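> Quick one: sequence plus predicted model below, questions after.
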Amino acid sequence: MTANLDSATAAQFQHALSTPPDNRAFAVVARVMGWLFFVGGLVGAGLGIAGLHVEITVAGLILACTAGLILLKLRTDREARETT
């Protein structure tokens with residue numbers, strides 16, 4: 001019983017060392033920035049369409065798509081960390 005408790009405590013301690021608290025703050029900041037870029041890209045694309053400017057529309061869509069892919073990557077990384 002004591003050996004199992006010690007190994008469980010050691011495993012918990014190792015997990016705490018492998019995920020530093022700064023990692024969580026970085027993930028939150030990255031998610032917020034990702035959402036801002038995503039919404040900014042959509043707004044830019046909307047303004048480009050409204051003003052009939054192809055370059056602005058394309059730039060906004062590229063920004064929104066790239067930010068969306070990064071947000072998906074952050075979500076899958078978070079889910080992978082939670083399951084381990």
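Received the coordinates, thanks. Note that this is a predicted model, so its numbers are computed, not measured.
> What strand or helix carries Thr36?
Actually, residue 36 is Leu. It isn't Thr. helix 21-50 (DSSP states H and E).
> For the most centrally placed residue in the chain, what is the enclosing helix or strand?
Central residue of the chain (CA atoms, centre = their mean): Leu74, 3.0 Å from the mean position. Assigned by DSSP H and E, Leu74 falls within helix 54-83.
> same for that helix, what does it pack against?
If contacts are counted by 3 or more CB pairs under 8 Å, 6 or more residues apart in numbering; DSSP states H and E, helix 54-83 sits against helix 21-50. C-beta coordinates here come from the backbone N, C-alpha and C atoms, glycine included.
> residue ranges with poor pLDDT in this protein?
1-22 (pLDDT under 70).
> try it again with 90
Residue ranges of the chain with pLDDT under 90: 1-28, 77-84.
> what about Gly34, how many neighbours?
The number of residues packed near Gly34 is 20, by other CB atoms under 10 Å.
> gap between it and Ala27?
Gly34 sits 10 Å away from Ala27, going by CB to CB, to the nearest Å.
> by how many degrees do the helix holding Leu74 and helix 21-50 diverge?
Between helix 54-83 and helix 21-50, the angle comes out at 150 degrees (axes from the mean of the first three to the mean of the last three CA atoms, to 10 degrees).
> List the buried residues in helix 54-83.
Ile56, Thr57, Gly60, Leu61, Leu63, Ala64, Ala67, Gly68, Ile70, Leu71 (16 or more other CB atoms under 10 Å).
> May I see those residues arranged in JSON lines, with distance to Asn23 as well?
Putting the buried residues of helix 54-83 into JSON lines (distance: CB to CB, whole Å) gives the following:
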{"residue": "Ile56", "distance to Asn23": "36"}
{"residue": "Thr57", "distance to Asn23": "37"}
{"residue": "Gly60", "distance to Asn23": "31"}
{"residue": "Leu61", "distance to Asn23": "31"}
{"residue": "Leu63", "distance to Asn23": "26"}
{"residue": "Ala64", "distance to Asn23": "26"}
{"residue": "Ala67", "distance to Asn23": "21"}
{"residue": "Gly68", "distance to Asn23": "22"}
{"residue": "Ile70", "distance to Asn23": "17"}
{"residue": "Leu71", "distance to Asn23": "17"}
